[in-house]
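In: Structure here, sequence nowhere to be found:
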C-alpha cells in the first residue's frame, strides 16, 4: 500500500523516472539514491508550496483592487438609502395630510320600523312647517289690515284735532267778540240817549241793530225815541224780522 502511494506521488511530482532509475541501479547504491529521492520529494514539495504562495500573491491584488470599488460603492450608496427612505416617508406624510379624512365604521342595518318611523316623523314635520307658513301668511295679512286701520285712525285723529283746534279758535273768537259786545253795550247804556241816538243815525242799519240787541230793552227804547221817526221805524222792522 505504501509502495503504491509513494509511486503515485512520485509520478504526480514528475519523479517517476527517478524511481525507475533507482530500481535499475545496483542494490548497493539504492540507499544513497533513496536519500536523494527523499531530498527531491522535499524540494519538490517546497517548490510546489512556493508556487502556490506565488499564485495566491498574484491573485490577491486583483481581489483587493476589485474589493475597493465595491466597498467604495457600498459606502457611497449607503447614505443614499436613508435619504431615499426619508424622502419616501415625507411624501407619505404629505399624502396623508392632504388626503381627505375617511370615516370608517361598521355597517349598521337599520330596521324597517325605524325607517318608517323616521319617514312618518318627516311627514309630520313637513305638515307642521306648512301649517306654520300658512299661519304666518294669515298673520301678515292681518298685520297689513291692522296697519291700514291704524293709518286711517291716525288720519281721523288728525282731522279731529284739526277740527277741535278750529272750534277752539272759534270759541275763543266768540268769547272775545262777546266780551267786546258786552263792553260796547255797557258803553251805550252809560251814555245819554241823545248821544247814543246821534251815533246810531250815522251807522249802517246792521250795526245799529246789533247795538240795539246788545243793550237792555229800556235803553234801546230810549235811544229809538231820540232817533228820527222814519229811521226808528225802519230799525224797528228789522229788529222784529231778526227776532227768533
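Out: Sure, I can see it. For clarity, every value in this text was computed on a predicted model and none was experimentally measured. Numbers count the residues shown, from 1 in each chain.
In: can we go C-alpha only for contacts and neighbour counts from here?
Out: OK.
In: Give me the helices and strands touching the strand or helix carrying residue 167, please.
Out: When elements are assigned from DSSP states H and E, residue 167 belongs to helix 112-190. Using 3 or more C-alpha pairs under 8 Å, 6 or more residues apart in numbering; DSSP states H and E, the elements in contact with helix 112-190 are helix 205-214.
In: For the helix it packs on, buried residues please.
Out: Taking 16 or more other C-alpha atoms under 10 Å as the neighbour-count basis, helix 205-214 is seen to contain the buried residues 208, 209, 211, 212, 214.
In: and the last one, what does it touch?
Out: By that I understand residue 214. 181, 182, 184, 185 (C-alpha atoms under 8 Å, 6 or more residues apart in numbering).
In: rerun that using 6 Å as the cut-off
Out: Contact analysis of residue 214 by C-alpha atoms under 6 Å, 6 or more residues apart in numbering lists residue 185.
In: Kindly report the same for the first one.
Out: Contact analysis of residue 208 by C-alpha under 6 Å, 6+ apart lists residue 200.
In: Do you know the pLDDT at it?
Out: Reported pLDDT at residue 208 in the predicted model: 85.
In: again, but for the last one
Out: Per-residue confidence for residue 214 comes out at a pLDDT of 85.
In: Run a quick neighbour tally on residue 40.
Out: For residue 40, the tally of surrounding residues (other C-alpha atoms under 10 Å) stands at 16.
In: element containing it, please.
Out: Secondary-structure assignment from DSSP H and E places residue 40 in helix 30-98.
In: low-confidence ranges in the chain?
Out: 1-32, 56-110, 242-244 (pLDDT under 70).
In: Domain ranges for the protein, per the record?
Out: The record, using automatic domain parsing to delimit domains, assigns the chain the ranges 2-78, 136-176, 191-244.
In: quick one: residue 189 from residue 173, how far?
Out: Using C-alpha to C-alpha, to the nearest Å, we find residue 189 at a distance of 24 Å from residue 173.
In: Give me the more crowded residue out of the two.
Out: With other C-alpha under 10 Å as the criterion, residue 189 and residue 173 differ in neighbour count, and residue 189 comes out ahead with 18 against 12.
In: Quick check: buried residues in stretch 217-224?
Out: Within stretch 217-224, judged by 16+ other C-alpha under 10 Å, the buried ones are 219, 220, 221, 223, 224.
In: hmm, who's touching that stretch?
Out: Counting by C-alpha under 6 Å, 6+ apart, 193, 197, 212, 232 sit against stretch 217-224.
In: hang on, the earlier thing: could you tell me the angle between the helix holding residue 167 and helix 205-214?
Out: Taking axes from the mean of the first three to the mean of the last three C-alpha atoms, to 10 degrees, helix 112-190 and helix 205-214 form an angle of 90 degrees between their directions.
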